[in-house]
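Participant: Structure here, sequence nowhere to be found:
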């Protein structure tokens with residue numbers, strides 16, 4: 001998956017890159033500094049995005065909400 005496809009997938013999921021990095025517990029600058037420069041994302045990121053998209057919408061929303069809340073609590 002190239003970087004533009006990654007951004008399109010996030011847009012479809014209504015997620016910002018920062019939110020997605022919080023879900024993955026990764027540095028929020030990683031996509032901009034590494035993935036954009038290399039124009040590719042790691043396979044694990046591609047698989048997670050595909051998996052999220054395949055979930056029923058209500059399950060996807062709950063999962064994303066739960067992971068973001070978990071990240072928020074971790075950083076508090």
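Facilitator: Perfect, I can see it now. Computed from a predicted structure; not experimentally measured.
Participant: Following the lowest-mean-pLDDT helix or strand in the chain in sequence, what is the next regular element?
Facilitator: The weakest-scoring helix or strand in the chain, judged by mean pLDDT, DSSP states H and E, is helix 30 (a mean of 83). Toward the C-terminus, helix 30 is succeeded by helix 36-38 as the next helix or strand (DSSP states H and E).
Participant: Tell me the buried residues in that next one?
Facilitator: residue 36 (16 or more other C-beta atoms under 10 Å). Yep, even glycine has a C-beta here, placed from its N, CA and C like the rest.
Participant: With adjacent residues omitted, what lies nearest to residue 46?
Facilitator: Leaving out its chain neighbours, the residue that sits closest to residue 46 by C-beta to C-beta, 6 or more residues apart in numbering is residue 1, at 4.3 Å.
Participant: ok so, going back, which secondary structure elements does the least confident helix or strand of the chain contact?
Facilitator: Taking 3 or more C-beta pairs under 8 Å, 6 or more residues apart in numbering; DSSP states H and E as contact, there are no helices or strands that helix 30 lies on.
Participant: Contacts for that helix, please.
Facilitator: For helix 30, contacts defined as C-beta atoms under 8 Å, 6 or more residues apart in numbering pick out residue 21.
Participant: Check which residues of the host helix or strand of residue 65 are buried.
Facilitator: Using DSSP H and E, the element containing residue 65 is helix 57-75. The neighbour-count check on helix 57-75 (16+ other C-beta under 10 Å) flags 60, 64, 67, 71 as buried.
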